[in-house]
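Peer 1: Quick one: sequence and predicted model below, then my questions.
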Amino acid sequence: MPIPPKLVVEPSGLNFEILIGKGNPPARLLRISNGGDGVIRWTAQAGMASGGNWLQVSQTSGTASGSSPATVQVSVNAAGLTPGVYTGSVRIESAAVNQVQTVPVTFLLTRPIPTILVSQSGLSFTGVAGGTIVPPQSLGILNVGQGVMSWTVQASTLSGGNWLSVSPTSGSSAADSLEIPMVDVAVNVSGLAAGTYDGLLRVTAAGANNTPQLVPVALNVLPAGSNPGVLVRPTGLIFATRTGTSSPTQQSVKLATPVPGTLGFVQGLLTYDGGTWLEAGTGNSQLSPDNPATVSVGPGLGKLAAGIYRGALALLFGDGSSQTVNILFLVTRSGAAASDVSALRNTLQEAGPDCVPSRLLAQIRSASSKLGEPIGFPTLLEAQVVDDCGVAAPNAVVVASFSNGDPPLVLTSLRNGIYMGTWRPLSQAAQVTVIIRAMQPPLLPADVTMRASVVTAGGLPVIFPGGVVDGASFAPGAPLAPGGIISVFGASLATATASATRLPLDTVLGNASLNIGGRDAPLFYSSNGQINAQLPFDLEPNSRPGVVLKTRRQGATQDTYAVPETITVATVQPTIFTTNQQGTGQGAILDKNGKLVDGSTPARAGDAVQVFCTGMGATQPAVASGAPAPATPPLAQVTVPVTATVGGKPAAVQFAGLAPNFVGLYQVNVQIPDGVTTGSAVPLVLYQNGIASNTVTIAVQ
């Protein structure tokens, strides 16, 4: 039976960020395909809410199918823009099937100060009760701002004692440097009973515009006698050299086990072409928790012709399990300069005049555990990308997509061809196909695939990707303003439904709390699937802090963390409340008697109406986060002026500030101008700092 055509656009949102004076950020790619049978035609159009004509698409029309998707390059032009947050969208339409997908775009242009970027937003470890050491993991700390950034990392735990540690605890990261400092994160399960334990890494940097960054750590201790399998890292390697030269240096594969005792293993070598060009430096061996093993492996050049060769290191363990490390060996013809990609911190070389790259090559360096990825647990995805001249590709866009319906994930570049990210599985599936695609036009993209499984895990909390939105419109991907009302959507967010009962607002409701940029957020409401909060007033505008949820585990007495969700904070982002609570249609607008200005009680020219909104930023006098606005003079008026239009005509604003006695709720008193075309759905829009609010309607007689 034919499958109806369906317009599919990935990813669902785009974020750009760059320092002012540093040119333009790398372009991003949208993938357009047909989720049904046949070929569909599409059109693409860029739209901007503010800042002029800064957003462009590489092509405005084309065709796509499931087997032959189209790619549209989306780019921004920072010329003439001042530091701030700019919003726009790319509208993809297929008129033939009457379907539209709108991809929100946020562009953060920052001033030249340090900015923290952590390579992963969460870490997870698996140990066995009665064991000791669990294989460590690494975390990269980048400075995507300017200058040299000194940082510190502090580890803490919620239960189980001091099982979490980091080394080093301090360092520095230089902007644009290829040397990315890596922090080793270790856990010790000695004395821990079977169960799940939670910790937190706090990365701080004085002077950074988004300090601190918080990284949750989940430790799952299995009952004694369990076998989670040997941890093999990396699970993919890339080598490159030139014909007529020498073989590349062997690379190391590390094997570690958390299971007490000694485990033997043997190794074997496979090549797709049946050749004997792959070599390994060790034979049969053993490993234990205190003595991990290392296998050195690499290709021998010999008389191989230029081309791409594939092989594998097969590992068979004494417990009957096996794992494979995939090998890609790129041989370029003599005269082309190939980089040595054997080290993570390699120095990039320029390709020689005899080698012009035409495509990307990629390998997955991390793989799923055999027990499956628990819902909500942070899962490492790591890939290595080079071009077909053997040069590491630090500026590719690397996106992971998932067959279980989880949103696509953009991996972070470590500037050396290594890309890392944190997948937080949302949907259970016996088998998930993970496709990692590396893109860097005009080079042909590279796709690599891995298999995983996602299992349920006892109600672990999850903030949905893009699930932190303003509380008036729920607009996906839109920036948020300090002091405004926000909503957080997810699963297992709180253990009980609770509403605020006093002022100032508490920061814990239903055993749940939100930490945003290192500040505890005042809470209005909490439930399993939604939390309403006030964004703290003292957040730095034009920054991208993380939202960290701490909540009580379902049916347990201990707290846990959810993987953070990153948001964009702007100076202002006005949004009007509506009666349908979706940001459209009839506005939450009252007359002088407190009645809704709708068809039954319309306004007239000259009347002043009260427009209720959020996202209007700082006020004078300032009001503490969670505290009610003053009800007597001086009232808390916004510091960024507000203008309004009603029916397309300018309207006088008599007051703009926090609504007296309310938290995070703003009130704008607007006078209905003369000459407005009457009706039951007259459009009203507020403007602040050149940013238009959502369009709502009122009735005018």
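Peer 2: That came in fine, so what should we check first? Numbering: from 1, shown residues only.

Peer 1: Below-threshold pLDDT in the stretch 151-300 of the chain: ranges please.
Peer 2: For the stretch 151-300 of the chain, applying pLDDT under 70 flags the ranges 282-284.

Peer 1: Equivalent analysis for the chain, please.
Peer 2: In the chain, residues with pLDDT under 70: 282-284, 335-354, 367-372, 457-459, 554-556.

Peer 1: Outline the domain layout of it.
Peer 2: 7-110, 227-334, 458-570, 575-700 (automatic domain parsing).

Peer 1: roughly how far out does the third one sit from the chain middle?
Peer 2: The gap between the average C-alpha position of domain 458-570 and the chain average comes to 16 Å, counting by CA atoms, centre = their mean, to the nearest Å.

Peer 1: residues near residue 661, how many?
Peer 2: By other CB atoms under 10 Å, 11 other residues sit near residue 661. Where C-beta positions appear, they are placed from N, C-alpha and C, glycine not excepted.

Peer 1: so what's it up against?
Peer 2: Shown in contact with residue 661 (CB atoms under 8 Å, 6 or more residues apart in numbering): 628, 629, 631.

Peer 1: what about 6 Å?
Peer 2: Residues counted as contacts of residue 661 (CB atoms under 6 Å, 6 or more residues apart in numbering) are 628, 631.

Peer 1: follow-up on the earlier one: looking at the domains of the chain, which is buried most?
Peer 2: Comparing those by mean neighbour count (mean count of other CB atoms under 10 Å), domain 458-570 ranks first with a mean of 21.

Peer 1: that older thread, now render the domains of the chain as CSV, adding distance to residue 425.
Peer 2: Supplementary listing: those in CSV, determined by distance: least, CB to CB, whole Å:
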stretch, distance to residue 425
domain 7-110, 17
domain 227-334, 17
domain 458-570, 9
domain 575-700, 29
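
Peer 1: out of those domains, nearest to residue 159?
Peer 2: With CB to CB as the measure, domain 458-570 is the member of the domains of the chain nearest residue 159 (4.9 Å).

Peer 1: what about the nearest residue to residue 590 once chain neighbours are set aside, is that helix, strand or coil?
Peer 2: Nearest residue to residue 590, sequence neighbours excluded (CB to CB, 6 or more residues apart in numbering): residue 610, at 4.7 Å. The three-state label for residue 610, taken from DSSP: H, G, I helix; E, B strand; the rest coil, comes out as strand.

Peer 1: Distance of residue 610 relative to residue 377?
Peer 2: 47 Å (CB to CB, to the nearest Å).

Peer 1: Residue 615 too?
Peer 2: Noted for residue 615: a distance of 33 Å to residue 377, by CB to CB.

Peer 1: And residue 295, by the same measure?
Peer 2: Separation of residue 295 from residue 377 (CB to CB): 28 Å.

Peer 1: Repeat that for residue 427.
Peer 2: Residue 427 is 13 Å from residue 377, where distance means CB to CB.

Peer 1: next one: residue 363
Peer 2: 24 Å.

Peer 1: Likewise for residue 278?
Peer 2: Distance check for residue 278 against residue 377: by CB to CB, it reads 34 Å.

Peer 1: just residue 647 next, same as before
Peer 2: Distance, residue 647 to residue 377, using CB to CB: 52 Å.

Peer 1: And for residue 503?
Peer 2: 37 Å.

Peer 1: and if you look at residue 172?
Peer 2: Distance of residue 172 to residue 377, computed by CB to CB: 31 Å.

Peer 1: With residue 651 instead?
Peer 2: Taking CB to CB, one finds residue 651 at 52 Å from residue 377.

Peer 1: and if you look at residue 70?
Peer 2: Computed as CB to CB, the residue 70 to residue 377 distance reads 34 Å.

Peer 1: Likewise for residue 392?
Peer 2: Using CB to CB, residue 392 is found at 30 Å from residue 377.

Peer 1: do the same with residue 448
Peer 2: Note on residue 448: its distance to residue 377, by CB to CB, is 22 Å.

Peer 1: between those two, who's got more neighbours?
Peer 2: Ranked by neighbour count (other CB under 10 Å), residue 448 and residue 377 place residue 377 first, with 26 against 21.

Peer 1: Now do the SS call for that one.
Peer 2: Residue 377 - assigned by three-state DSSP - is coil.

Peer 1: Pretty sure residue 218 is one of the things it touches, is it not?
Peer 2: Yes - in this structure, residue 377 is within contact of residue 218 by CB atoms under 6 Å, at 5.5 Å.

Peer 1: tell me, what's touching the two both at once?
Peer 2: In contact with both residue 377 and residue 218: residue 124, using CB under 6 Å, 6+ apart.

Peer 1: Quick one: the helices in the protein, in order.
Peer 2: Under the criterion DSSP state H, the chain contains no helices.

Peer 1: how about stretch 499-514 as PDB, C-alpha atoms only?
Peer 2: In PDB, the C-alpha atoms belonging to stretch 499-514 read as follows (Å, rounded to 0.1, in the frame of the first residue of the first chain):
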ATOM      1  CA  SER A 499       1.500  25.200  43.000                       C
ATOM      2  CA  ALA A 500       3.100  28.200  44.700                       C
ATOM      3  CA  THR A 501       1.400  29.200  47.900                       C
ATOM      4  CA  ARG A 502       3.400  32.200  49.100                       C
ATOM      5  CA  LEU A 503       5.600  35.100  48.000                       C
ATOM      6  CA  PRO A 504       8.400  35.400  47.400                       C
ATOM      7  CA  LEU A 505       8.200  32.200  45.400                       C
ATOM      8  CA  ASP A 506      10.000  29.100  46.600                       C
ATOM      9  CA  THR A 507      12.700  27.400  44.500                       C
ATOM     10  CA  VAL A 508      11.500  23.900  45.300                       C
ATOM     11  CA  LEU A 509       8.100  22.500  44.400                       C
ATOM     12  CA  GLY A 510       7.100  18.900  44.300                       C
ATOM     13  CA  ASN A 511      10.700  17.900  45.200                       C
ATOM     14  CA  ALA A 512      11.900  19.600  42.000                       C
ATOM     15  CA  SER A 513      14.200  22.600  41.500                       C
ATOM     16  CA  LEU A 514      15.700  24.400  38.500                       C
END
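
Peer 1: ok, and what's touching it?
Peer 2: The contact list for stretch 499-514 (CB under 6 Å, 6+ apart) reads 493-496, 498, 520-526, 533, 549-552, 626-628, 663.

Peer 1: Next step: those restricted to strands.
Peer 2: Residues of the contacts of stretch 499-514 located in strands (DSSP state E): 498, 520, 523, 524, 525, 526, 533, 549, 550, 551, 552.

Peer 1: so who does the fifth one touch?
Peer 2: What that stands for is residue 525. So residue 525 contacts 499, 532 (CB under 6 Å, 6+ apart).

Peer 1: gap between it and residue 548?
Peer 2: Distance, residue 525 to residue 548, by CB to CB: 19 Å.

Peer 1: swap in the fourth one?
Peer 2: Counting by CB to CB, the gap between residue 524 and residue 548 amounts to 18 Å.

Peer 1: The third one too?
Peer 2: For residue 523, the distance to residue 548 (CB to CB) stands at 14 Å.

Peer 1: and what of the first one?
Peer 2: Taking CB to CB as the criterion, residue 498 is separated from residue 548 by 19 Å.

Peer 1: same deal with residue 68?
Peer 2: Separation of residue 68 from residue 548 (CB to CB): 41 Å.

Peer 1: Pull out the buried residues from stretch 381-395.
Peer 2: 381-394 (16 or more other CB atoms under 10 Å).

Peer 1: Between its first and last residues, what's the separation in it?
Peer 2: 18 Å (CA to CA, to the nearest Å).

Peer 1: how far out from the middle of the chain is it?
Peer 2: With CA atoms, centre = their mean as the basis, stretch 381-395 stands 21 Å off its chain's centre.

Peer 1: likewise stretch 220-237?
Peer 2: With CA atoms, centre = their mean, you get 26 Å for stretch 220-237.
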